[in-house]
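K.L.:
could you work out the structure for the sequence below:
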Amino acid sequence: MAQGGVTFRSVFANSEFRALWTAQVLSIAGDQLARVALTLLVFIRTNSSGWAALTYALTFIPDLVGGPLLSGLADRFP
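P.N.:
Numbers count the residues shown, from 1 in each chain. Next comes the predicted model:
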């Protein structure tokens, strides 16, 4: 690595980056907990592992469809 390169220590020394990174990690963890809670609710109500698996899989559709379709709009507007 070149002299004076960027390290993890130097990046995490920035308090604004630490706050943004922490918020992102908590958001991802919250989304995952919501997916698991919804899946457990479906399993408890239906007693079917198939419906529970389908519910868990369907929670990824907004990310998979929305990202590619809406990224073009994000590029066009400031």
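K.L.:
quick check: Leu40 vs Leu33, distance?
P.N.:
10 Å (Cβ to Cβ, to the nearest Å). Any C-beta I mention is one placed from the backbone N, CA and C, and that applies to glycine too.
K.L.:
one more: Phe12?
P.N.:
25 Å.
K.L.:
what's the answer for Ile44, then?
P.N.:
For Ile44, the distance to Leu33 - Cβ to Cβ - is 16 Å.
K.L.:
follow-up on the earlier one: of Leu40 and Leu33, who's got more company?
P.N.:
Under the criterion of other Cβ atoms under 10 Å, the comparison of Leu40 against Leu33 puts Leu40 first, with 13 against 10.
K.L.:
list the buried ones in the helix ranked longest in the chain?
P.N.:
In the chain, with assignment by DSSP state H, the single longest helix is helix 15-46. Using 16 or more other Cβ atoms under 10 Å as the test for burial, helix 15-46 gives Arg35, Thr39, Val42, Phe43.
K.L.:
same thing with stretch 51-61?
P.N.:
Ala52, Thr55, Tyr56.
K.L.:
got these as TSV, with pLDDT, secondary structure and distance to Asp75 columns?
P.N.:
Output for the buried residues of stretch 51-61, formatted as TSV (pLDDT from 0 to 100; DSSP: H, G, I helix; E, B strand; the rest coil; distance: Cβ to Cβ, whole Å):
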residue	pLDDT	secondary structure	distance to Asp75
Ala52	97	helix	37
Thr55	97	helix	33
Tyr56	97	helix	31
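K.L.:
got the residues you listed as a markdown table, with distance to Ser71 columns?
P.N.:
What follows is these, written out as a markdown table (distance: Cβ to Cβ, whole Å):
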| residue | distance to Ser71 |
| --- | --- |
| Ala52 | 31 |
| Thr55 | 26 |
| Tyr56 | 25 |
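K.L.:
ok, those vs Thr7, which is closest?
P.N.:
Among these, Tyr56 lies closest to Thr7 (Cβ to Cβ), at 37.7 Å.
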